[in-house]
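K.L.:
build me a model:
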Amino acid sequence: MPGIDKLPVEETLEDSPQTRSLLGVFEEDAAAVSSYTSQLYNAMQRIYNAQNELSTATHLTSKLLKEYKQQRFPLGGDDEVMTSTLQQFAQVIDELSSCHAVLSTQLADAMMFPITQFKEKHLKEMLTLNEVFAIASHDHDLAINKYSRLSKRRENEKIKMEVTEDLYTSRKKQHQTMMHYFSALNMLQYKKKIALLEPLLGYMQAQINFFKMGSEHMTQQLEEFLANIGTSVQGVRREMETEQDLMHQTIQDLEVASDSLYLPDPDTKLFNVNRNLTRKTGYMNTRNKTRLVSSTWERHYYFTQGGNLMRQARGDVAGGLVTDLDNCTVMAVDSDDRRYCFQITAFDGKRSVVVQAESKKECEEWISTINNISKRIYLSENPEELAARVNQTALEAVTPSPSFQQRHDSSIKPAVHNRARPPPTNSPSSHGSESPALSAISLDSIVAPDTPIQFDIISPVSEDLSNLAKTSGSRRTNPFGESGEPKTQESEESILHQLFIVRFLGSMEVKTEESSDVIYETMRQILAARAIHNIFRMTESHLLITCDSLKLIDPQTQVTRLRFPLHKVVLCATHKENRRLYGFVLHTGGNRTEGRSLSVCYVFESNNEGEKICDSVGLAKQIALQSQMDRQTTDKQKELDRVKQRQLKELDKQKQIDKDLEEQSRLIAASSRPNQASGEGQFVALSEDSDTADDGKTKKKESEA
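P.N.:
Now for the predicted structure:
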């Protein structure tokens, strides 16, 4: 190629300074070519590596798109449209992956091979020749110096021959090396251009072939498919923007509405307590007893699910069951170190949970919600509407709620609340326990209006007992409330002893004791009053059923709180729907101003044993009746035995009389033998004695009969 400078090979033997200077220029050019070629090689290597990575990534993308239909997304259903669309994309991308693989092969052959060969072969050859030329030049310089130092006076042919031969060899070697080196430097100018242009040509040709393959795959059908997908993406984007605007507006509204909810303990006077809930969620603290005295509190997220109370710790996947709320009991409790605590007791009474709400409002709402769930209101079609109707019925049945302080004072003093007169219309019961006979008659015929409701265990004859205690001041009073009367032998030897765990709900005076409807109505009135007044505290006792009485015993001190004579229990029944509720009517025998007898209905809650208690009371009355009948039969038999004993005594007495008469007759006969003249008179006397004996025998036969 014209215009390319060359090193003169014919001047290599002369090795002039001009030649050396020109050689230095060519060596600098070779070094610059080597440096530039290395940079270009690195760039092309990156292109090749990127193309290989693109081919691999494209193939992996196609594979993942094909596996989309096998994925199970938690929030995504079986979207057939999305699956088919991604399958079409997978086919197209798979074809593109094949094209990229072909492009990678062409780049390796047409681009990387020429520049790699130039870098690894020709440039390394130049470097090797440079090193060999430097060694040969150095050896030639040493040989020239040695030859120049030959002595002129003392010529040694042998040394001269060796030096001359050494110089000849080094000069020949330098000349030959220098010629090959000059030739390689001259050829480098041509190889440089080839090494720069050939890889670029191969790169462009490979790209052109890739574009041609792409144009062959780009059909009209594919263009329409891509256009449809683009339209769908734009539609989804518009929906996302609309949803985003809606979410922003919702967030603003919630920020305004939730400003009052940030208060940790809102005032219940400003924020009403919703007592109609059948579902509730929120964070509460759970008490865990670590030792006999100490306890720890853990924060959990609580929520109701049907009739179950669930809780879930932060980070857990799902919640766990805490307790079954069906037929459970809930009451506010006092804690030494926490506020707003309440206790949930399972229906069997074996498990209880103490939790702490965040505020007073939350505590009351949780208690109301659990009470509604315990009544199984959540099973109805409209649970909140039914709960509201139940609470409205309770509001109509009782007076407004007392203050919070009065409710706490009720734990010290007997809590008595007057009941307002119910409306004349027949409102649905909060427990659905009224029978058709009860709805047909007036409630005034069962429960007298303005009748106080007793929520604490107070004996109905406590006033009489107090008066009796005043009159009998000499008798010592038991400070634990136990009765000072000695136990009868009958109670100690009672055949039946049944013990149940019960909780006293309340008692009130009733008008009639003829039907179990009076117990159902009393239950409704007491439960409604407790719900309205937020009275959830209940006194737990042990109910002992014997053949002569019912006793309420303190479970801790074993002190008898109340004793109900069994013959005065005239009626006992269980709630029709909630079998844990039961009650009985006690005929006290006192008289009111109307001149009628006084009857009190007591209502209790048991651990799902209401029917068992009623059956035990019935069995006790049967045993008592049978015992009474046995006593009457025994007394009658004893009376017959006494009569028989008296008759036997009279018979023995008569026999003794007959024996005495016979003895007297013999004596008379013996005394009458010497006096024959008076034999006729004696005969008459004997005849009289025989008549008397006949009369005695007749009486004896009558007595034996």
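K.L.:
any low-confidence regions in this structure?
P.N.:
For the chain, applying pLDDT under 70 flags the ranges 1-4, 76-78, 153-154, 290-294, 393-450, 458-495, 513, 589-597, 608, 673-705.
K.L.:
please name every helix or strand in contact with the top helix by length along it.
P.N.:
Secondary structure of the chain per DSSP state H: the longest helix is helix 610-672. If you count contacts as 3 or more CB pairs under 8 Å, 6 or more residues apart in numbering; DSSP states H and E, helix 610-672 packs onto strand 498-510, strand 539-545, strand 569-574, strand 581-591, strand 597-606, helix 679-704. To be clear about C-beta, it is placed using only N, CA and C from the backbone, and glycine gets the same treatment.
K.L.:
would you confirm that residue 343 contacts residue 330?
P.N.:
Yes. With contacts defined as CB atoms under 8 Å, residue 343 counts as touching residue 330 at a distance of 7.0 Å.
K.L.:
which of those two has more residues huddled nearby?
P.N.:
Higher neighbour count among residue 343 and residue 330: residue 330, with 22 against 16, using other CB atoms under 10 Å.
K.L.:
number of residues surrounding the residue lying closest to that one once chain neighbours are set aside?
P.N.:
In this structure, residue 330 finds its nearest non-sequential neighbour in residue 370, 4.5 Å apart by CB to CB, 6 or more residues apart in numbering. For residue 370, the number of neighbouring residues by other CB under 10 Å comes to 23.
K.L.:
contact partners of the helix or strand residue 370 falls within?
P.N.:
Element membership for residue 370 (DSSP states H and E) is helix 360-374. Outside helix 360-374, the residues that touch it by CB atoms under 8 Å, 6 or more residues apart in numbering are 265-266, 268, 271, 273-280, 282, 284, 304, 307, 309, 325-332, 340-342, 344, 355, 357, 378, 383, 387, 390, 531, 534, 536.
K.L.:
just the residues you listed: which are in strands?
P.N.:
With strands taken from DSSP state E, the overlap with those comprises 282, 284, 304, 309, 329-332, 341-342, 344, 355.
K.L.:
give the PyMOL command for selecting the buried subset of those residues.
P.N.:
A single PyMOL command selects the buried members of those (16 or more other CB atoms under 10 Å):
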select buried, resi 284+304+309+329+330+332+341+342+344+355
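K.L.:
for residue 67, state which of the ones in strands among the contacts of helix 360-374 is nearest.
P.N.:
residue 304 (40.9 Å; CB to CB).
K.L.:
hang on, isn't the closest one packed against residue 282?
P.N.:
No. Using CB under 8 Å, residue 304 is not in contact with residue 282; the gap is 10.3 Å.
K.L.:
find residues that contact each of those two.
P.N.:
Residues touching both residue 304 and residue 282 by CB under 8 Å, 6+ apart: none at all.
K.L.:
name the residues of stretch 607-622 that are buried.
P.N.:
Going by neighbour count (16+ other CB under 10 Å), the buried part of stretch 607-622 is 607-610, 612-614, 616-617, 620-621.
K.L.:
sorry, slip of the keys, the one I care about is stretch 316-332.
P.N.:
319, 322-330, 332.
K.L.:
include distance to residue 251 when you put these into a markdown table, please.
P.N.:
As requested, these are exported to a markdown table (distance: CB to CB, whole Å):
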| residue | distance to residue 251 |
| --- | --- |
| 319 | 27 |
| 322 | 33 |
| 323 | 36 |
| 324 | 38 |
| 325 | 34 |
| 326 | 39 |
| 327 | 42 |
| 328 | 38 |
| 329 | 41 |
| 330 | 36 |
| 332 | 36 |
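K.L.:
roughly how far apart are residue 223 and residue 217?
P.N.:
Residue 223 is 11 Å from residue 217, where distance means CB to CB, to the nearest Å.
K.L.:
and if you look at residue 20?
P.N.:
Per CB to CB, residue 20 is found 61 Å from residue 217.
K.L.:
over to residue 630?
P.N.:
Distance from residue 630 to residue 217, by CB to CB: 108 Å.
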